[in-house]
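Participant: My questions are about this predicted structure, shown below with the sequence.
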Amino acid sequence: MGAFNVHNGVRNFADVGRPTGNIMNNPFFQSIVSKPIGGSTNGGQFVDKSSLNMFEGQYNLSEDLKLKDKGFDVLVGGNYKQYVLNSQGTLFADTAGKIKIAEYGGYIQIQKKLFGDVLKLTASGRYDKNDNFAGRFTPRGSAVLKLAKDHNVRLSYQSAYRFPSTQNQWINLMVSAGTKLMGGLPQLRDYYGFSSRPGYSVANVTQFGTAFVTSIITQGGNPAAPTPTQAATALAASQGLLKPVEFGEFKPETVNSYELGYKGLIGKKLLVDVYAYQSKYNDFIGGTVVLQSNVSGATSALGLLSANTRQAYSISVNQTQEIKVQGWGASIEYLLPKNFTLTANAYSDEIKDVPAGFATYFNAPKYRVNVGLSNSGLFFKNRLGGSVMYRWQESFFYEGTFGAGTIPSYATMDAVASYKIPKHKAVVKLGATNLWNKYYTSGWGAPSIGGLYYVSYSFNVL
């Protein structure tokens, strides 16, 4: 009983001031969420009043240029975007005021049919410019060949770009474990003094630390408490291993993709659609972690060896090595008697040639499969309908700015039954997603997803 009473006493002492009841009504919780994050307020509120102003338009020139009768279709278009970042320093590096980023672009697309409808060619070109990056021109082309009635082959080449997102450019946020998320623009590295206090990769700091400790042991010293002479000797012997991370120009990401596909209807009952693609990325936008010493002077390198004397940054950067993504997909839809339809599809996406230590945030499983059976009308004058769908995806490694880890594979079953009421042009549905309520997660740190059950009534739909 004595130990039990001691435990209860310690537990009661630890619970003094602990929030209880509905957390939304707790004054302590409200005081935290009402104060901005960062600075001296020690709050947890993001003050994000950012906005996006956008204008876009498209016009078909075929009639004006009298090209319609010649089998041409010509489209032109353009858009303008203005991002206004306003987080008051809680998310972006905008403590001095709002950050405005303008982005604009235009395109032209020409489509031509040849040999009747046997061959359709499409070509397009687009130019885009962002305030913080050089302009980009991206051409694209595709061809659709009709092999026979209801049988088509498609081939396409696409080049595309991706300007770094507003967070990739300007984020400035301290997250868990003392790591600061930092945008890739050079202004931020200048602000944090990377020119005088360079950053080093985690692997490089580990290499330096191992050599430093080994040198102390070789001298007969204690790595936890070396003498000044031993530390100086070890530092002189190992400091040359440190190689600062070199940050190149922060650029838009570009990709060149090739796709080959086939779609056909066989015997008026089986619809088949298959494709395969390969994409090659240059200047792939991802993140890398670097460590910066908070110690100045001749022994600044030693500051890298302790979490208390260094700062970790997760910085948006471009990968200089070409990265490949390839995949394929296949789907079938088969018409069965009594208005039944069987569907099945499988997809695969895989990223390759990723250097160690580079976070791509390519959060997709390698394989996904769906199989379903549906009926559009059965019994009671074909008023009853429904479907079931089985979904599965394999496990994959998820990378996010707030954490990374393996997402387990999962399988779910969706089902719905419907009943038509022609008199009222209405449909009643009873359904469920994740019918068996088997909890799963789709992202690292995201909440688990369970079953959702619903009843719906829709009218004026028949």
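Facilitator: Yep, it's here. Numbering: from 1, shown residues only.
Participant: tell me, which helix in the chain spans the most residues?
Facilitator: Longest helix of the chain, by residue count under DSSP state H: helix 202-218.
Participant: tell me the mean pLDDT over it?
Facilitator: Averaged across helix 202-218, the pLDDT comes to 95.
Participant: Quick check: buried residues in that helix?
Facilitator: Neighbour-count burial for helix 202-218 flags Asn204, Val205, Gln207, Phe208, Gly209, Ala211, Phe212, Val213, Ser215, Ile216 (criterion: 16 or more other CB atoms under 10 Å). In this view, the C-beta of every residue, glycine as well, is placed from N, C-alpha and C.
Participant: who's in contact with the third one?
Facilitator: Gln207 is in contact with Leu241, counting by CB atoms under 8 Å, 6 or more residues apart in numbering.
Participant: and with 10 Å instead?
Facilitator: Applying CB atoms under 10 Å, 6 or more residues apart in numbering to Gln207 gives the contacts Tyr200, Ser201, Ser238, Leu241, Leu242, Lys243.
Participant: for the first one, helix, strand, or coil?
Facilitator: Right, the one you point to is Tyr200. strand (DSSP: H, G, I helix; E, B strand; the rest coil).
Participant: my read: it touches Gln239, true?
Facilitator: No - shown here, Tyr200 and Gln239 do not form a contact pair, counting by CB atoms under 10 Å, at 11.4 Å.
Participant: okay, and the common contacts of these two?
Facilitator: When contacts are counted by CB under 10 Å, 6+ apart, Tyr200 and Gln239 have Phe208, Ala301 as shared neighbours.
Participant: Quick check, Lys113 in contact with Leu67.
Facilitator: No - shown here, Lys113 and Leu67 do not form a contact pair, counting by CB under 10 Å, at 11.7 Å.
Participant: and for the two, which residues touch both?
Facilitator: The overlap between the contact sets of Lys113 and Leu67 (CB under 10 Å, 6+ apart) consists of Asp73.
Participant: Settle it for me: which of Tyr200 and Gln239 has more neighbours?
Facilitator: Tyr200 (22 against 16; other CB atoms under 10 Å).
Participant: hmm, back to that, who are the packing partners of the helix or strand following the longest helix of the chain?
Facilitator: Note on helix 202-218: by DSSP states H and E, the next helix or strand toward the C-terminus is helix 228-238. If you count contacts as 3 or more CB pairs under 10 Å, 6 or more residues apart in numbering; DSSP states H and E, helix 228-238 packs onto helix 202-218.
Participant: Tell me what angle the helix it packs on forms with helix 228-238.
Facilitator: Helix 202-218 runs at 130 degrees relative to helix 228-238, counting by axes from the mean of the first three to the mean of the last three CA atoms, to 10 degrees.
Participant: Convert the C-alpha atoms of helix 202-218 to PDB, please.
Facilitator: These are the backbone C-alpha positions of helix 202-218, laid out as PDB (Å, rounded to 0.1, in the frame of the first residue of the first chain):
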ATOM      1  CA  VAL A 202      24.400  15.600 -41.000                       C
ATOM      2  CA  ALA A 203      26.600  12.900 -42.600                       C
ATOM      3  CA  ASN A 204      29.600  15.200 -42.700                       C
ATOM      4  CA  VAL A 205      29.200  16.300 -39.100                       C
ATOM      5  CA  THR A 206      28.900  12.600 -38.100                       C
ATOM      6  CA  GLN A 207      32.200  11.900 -39.900                       C
ATOM      7  CA  PHE A 208      33.900  14.800 -38.200                       C
ATOM      8  CA  GLY A 209      32.600  13.800 -34.800                       C
ATOM      9  CA  THR A 210      33.800  10.200 -35.200                       C
ATOM     10  CA  ALA A 211      37.200  11.400 -36.100                       C
ATOM     11  CA  PHE A 212      37.300  13.800 -33.200                       C
ATOM     12  CA  VAL A 213      36.400  11.200 -30.700                       C
ATOM     13  CA  THR A 214      38.800   8.600 -32.200                       C
ATOM     14  CA  SER A 215      41.600  11.100 -31.900                       C
ATOM     15  CA  ILE A 216      40.900  11.700 -28.200                       C
ATOM     16  CA  ILE A 217      40.800   8.000 -27.500                       C
ATOM     17  CA  THR A 218      44.100   7.500 -29.300                       C
END
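Participant: what does stretch 140-148 contact?
Facilitator: With CB under 10 Å, 6+ apart, stretch 140-148 has contacts from 107, 109, 111, 113-126, 151-160, 257, 259, 261-264.
Participant: May I see the buried residues of it?
Facilitator: Neighbour-count burial for stretch 140-148 [16+ other CB under 10 Å]: Arg140, Ser142, Val144, Leu145.
Participant: would a markdown table of the residues you listed with distance to Ser293 and secondary structure be doable?
Facilitator: Output for those, formatted as a markdown table (distance: CB to CB, whole Å; DSSP: H, G, I helix; E, B strand; the rest coil):
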| residue | distance to Ser293 | secondary structure |
| --- | --- | --- |
| Arg140 | 47 | strand |
| Ser142 | 53 | strand |
| Val144 | 59 | strand |
| Leu145 | 61 | strand |
